[in-house]
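Engineer: Predicted model follows, preceded by the sequence.
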Amino acid sequence: MPPSSPKPMRWRPARERPLVERGGPPRRKRTRRPPAIILRDVSKTYGLGQIQVRALRNVTLQIARGDFVAIMGSSGSGKSTLMNILGCLDLPTGGRYLIDGVDMRDLDEDDLADLRNRKIGFVFQSFNLVARTSALANVELPLAYAGVDRQTRRQRAKEALAAVGMAQRWHHQPSELSGGQQQRVAVARALVTNPTMILADEPTGNLDSRSTEEVLRIFAGLNQEGRTVVLITHEPDVAAQAKRVITLGDGRVIDDRRTAGVHDQPALPHHQKSAHHLYGESHR
Ligand code: ADP
Ligand code: MG
């Protein structure tokens, strides 16, 4: 078409997404992406009989991509319930939950499992490694579920173990590793699928101060790579590594403060774990 006869201009007001989805490749122009996490009025009530526990009461919050968030609160305040919902391990009884703008209500079981596998890496307080199984096989497991071929699995599992400083211990079983080493294997398992989000429920709760520091360094590194990190902790010096601290009380957000910008460098741990040494580390 000659330049003298331009196409008529079509003016449209800016809006989030077109009302009518058009075919063809997705437009790359709009770079504003939705927050990693949106919770709207999320509630969770356990027990449908006489005794009901309202573990979460109308929680509304957003978490930006690349943020590093600590969730605090006393025992029973709803932290694990919230984390299980964030990780799609459990469903809310009310409200809406969106990951990267996608409403979890719109996904069927298969889509949900797929999303969990691709986007979310979960780390637990008690490591949850498969016993009598090598570190390498443990880290390979999520890739096996995802149908990745054996050779690629091996390769990526070895890389993930190297990323957490456990390359030399790939053949060890959980019982042959310290708590800190087991947790590092668990972190490798969480990141082997290259998730955009790492969720951790008291990941340092069973660790001595040195292992805590190692694990926190790994989380800081993952956050620096642009991954969203959300961790539950009751230890103020662990929360101090985060860029935002959300406190729950009785199923509600009772405090929410930002201590560093989303895109700031994450802080590196340099602490002695306060009072933790009093409990020792060998009794668990
Ligand atoms: P936190 O992790 O902050 O200690 P939880 O999310 O585990 O808190 O629990 C919040 C509340 O929900 C508590 O009162 C707890 O007893 C209750 N709760 C947690 N899980 C269940 C469950 N599966 N069935 C019934 N009640 C539960
Ligand atoms: Mg808990």
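Structural biologist: Structure's in. What do you need? Since we're looking at a predicted model, the values are computed, not measured. Ligands and ions are numbered 1, 2, ... in the order given.
Engineer: What average pLDDT does stretch 168-181 get?
Structural biologist: For stretch 168-181, the mean per-residue pLDDT is 97.
Engineer: For the remainder of this discussion, apply numbering that starts at 38.
Structural biologist: With 38 as the first residue, the last one maps to stretch 205-218.
Engineer: quick one: terminal-to-terminal distance for it?
Structural biologist: One end of stretch 205-218 to the other measures 11 Å (CA to CA, to the nearest Å).
Engineer: Buried ones in that stretch, by neighbour count?
Structural biologist: Buried residues in stretch 205-218, counted by 16 or more other CB atoms under 10 Å: 206, 207, 209, 210, 211, 214, 216, 217, 218. C-betas here are computed from N, CA, C, even on glycine.
Engineer: Now flag whichever of the residues you listed is closest to residue 143.
Structural biologist: For these, the minimum distance to residue 143 (CB to CB) is 37.6 Å, reached by residue 211.
Engineer: Endpoints of stretch 169-189, how far apart?
Structural biologist: End to end - CA to CA - stretch 169-189 spans 23 Å.
Engineer: Same check on stretch 108-124?
Structural biologist: End-to-end distance for stretch 108-124, by CA to CA: 14 Å.
Engineer: Give the buried residues for it.
Structural biologist: Quick answer for stretch 108-124 (16+ other CB under 10 Å): 108-110, 114-124.
Engineer: where's the closest residue in space to residue 160 that isn't next to it in sequence relative to ligand 2, distance?
Structural biologist: Excluding the flanking residues, the one nearest residue 160 by CB to CB, 6 or more residues apart in numbering is residue 237, at 3.9 Å. Noted for residue 237: a distance of 12 Å to ligand 2, by CB to the ion, to the nearest Å.
Engineer: Which neighbouring elements make contact with the helix or strand encompassing residue 237?
Structural biologist: Assessed by DSSP states H and E, residue 237 sits inside strand 234-238. In terms of contacts (3 or more CB pairs under 8 Å, 6 or more residues apart in numbering; DSSP states H and E), strand 234-238 is packed against helix 116-123, strand 157-160, helix 216-228, helix 246-261, strand 265-269.
Engineer: let's go with 7 Å and repeat that
Structural biologist: helix 116-123, strand 157-160, strand 265-269 (3 or more CB pairs under 7 Å, 6 or more residues apart in numbering; DSSP states H and E).
Engineer: neighbours around the residue nearest to residue 160, how many?
Structural biologist: Per other CB atoms under 10 Å, the neighbour tally for residue 237 reads 27.
Engineer: show me what contacts it?
Structural biologist: By CB atoms under 7 Å, 6 or more residues apart in numbering, the contact set of residue 237 is 160, 268, 269.
Engineer: switch to 8 Å and redo it
Structural biologist: Listed by CB atoms under 8 Å, 6 or more residues apart in numbering, the contact set of residue 237 reads 159, 160, 161, 227, 256, 266, 267, 268, 269.
Engineer: Reformat these as CSV; add neighbour count, pLDDT and distance to residue 275.
Structural biologist: Below are these laid out as CSV (neighbours: other CB atoms under 10 Å; pLDDT from 0 to 100; distance: CB to CB, whole Å):
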residue, neighbour count, pLDDT, distance to residue 275
159, 23, 96, 17
160, 25, 97, 13
161, 19, 95, 15
227, 25, 96, 17
256, 25, 96, 10
266, 25, 98, 12
267, 25, 98, 13
268, 25, 97, 7
269, 24, 97, 9
